[in-house]
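Trainee: show me how the following folds:
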Amino acid sequence: MTTRWAELLPAGIQVVVAVPDSLLGPVVARVVATSTLEYVQVVHESQAVAVAAGMGLAGQQALICMENSGLRAAAETIARLTVLHQIPVLALTAHRGEFGDPNWWAQDHSHHMSGLATLFGIPTRAASSTAELTEALRAGIALTGTRMRSALVVATAGLLRELHRELD
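Mentor: Next up, the predicted model:
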């Protein structure tokens, strides 16, 4: 497989707002370096949600990139902006704590991600190939375009391993 890095994110995404992490960070860096996307790096997931919501209000489609534990960290901001004020955001997360993840500290991330997405009414779709990732992001753009719901795309461990092999 040869990834066309600049084409990994579908047309319509104009800004990537990211909290760097070891799984998704290198992939996001390669995509941004090979495209015309604007990149905003933040230090906390709540900032990522707030910036992406603001970009949406300004008419730009942002994509939040963060580890799935970021849903816990950004819970209050998600509740206020995306649920209470109905300002939807599109997020891409790495799937930490997926079945078989050897990291003891990540074991609850998957369970918490699913529970918080359900609590906040955020539809979620897993992507295990580059084609699924691009398609899921397209669907997420369409969903957030209704101005009714946020969307969460989860990059599986298999997809991230595939992408990391190409980075090396």
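
Trainee: after the longest helix belonging to the chain, which helix or strand is next?
Mentor: Counting by DSSP state H, the longest helix found in the chain is helix 130-145. Next helix or strand after helix 130-145 toward the C-terminus (DSSP states H and E): strand 151-155.

Trainee: and the contacts of that following strand?
Mentor: Residues outside strand 151-155 that contact it (Cβ atoms under 8 Å, 6 or more residues apart in numbering): 23-24, 27, 68, 71, 88, 90-95, 113, 117, 122-127, 133, 136-137, 139-141, 143-144. Backbone N, C-alpha and C define where each C-beta goes, glycine included.

Trainee: got the angle for it vs helix 130-145?
Mentor: If you take axes from the mean of the first three to the mean of the last three Cα atoms, to 10 degrees, strand 151-155 sits at 170 degrees to helix 130-145.

Trainee: partners of strand 151-155, with directions?
Mentor: strand 90-94 (parallel), strand 124-127 (parallel) (DSSP bridges).

Trainee: show the subsequent helix or strand relative to that strand.
Mentor: Counting by DSSP H and E, the element after strand 151-155 in chain order, helix or strand, is helix 157-167.

Trainee: circling back: may I have the longest helix of the chain as PDB, with CA atoms only?
Mentor: The C-alpha trace of helix 130-145 is given here as PDB (Å, rounded to 0.1, in the frame of the first residue of the first chain):
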ATOM      1  CA  THR A 130      -7.300   4.300   4.600                       C
ATOM      2  CA  ALA A 131     -10.400   3.900   2.400                       C
ATOM      3  CA  GLU A 132     -12.600   3.500   5.500                       C
ATOM      4  CA  LEU A 133     -11.000   6.500   7.200                       C
ATOM      5  CA  THR A 134     -11.600   8.800   4.200                       C
ATOM      6  CA  GLU A 135     -15.200   7.600   3.900                       C
ATOM      7  CA  ALA A 136     -15.900   7.900   7.600                       C
ATOM      8  CA  LEU A 137     -14.500  11.400   7.600                       C
ATOM      9  CA  ARG A 138     -16.700  12.300   4.600                       C
ATOM     10  CA  ALA A 139     -19.700  10.900   6.500                       C
ATOM     11  CA  GLY A 140     -18.700  12.900   9.500                       C
ATOM     12  CA  ILE A 141     -18.500  16.100   7.500                       C
ATOM     13  CA  ALA A 142     -22.000  15.400   6.200                       C
ATOM     14  CA  LEU A 143     -23.300  14.800   9.700                       C
ATOM     15  CA  THR A 144     -21.800  17.900  11.300                       C
ATOM     16  CA  GLY A 145     -23.000  19.900   8.300                       C
END
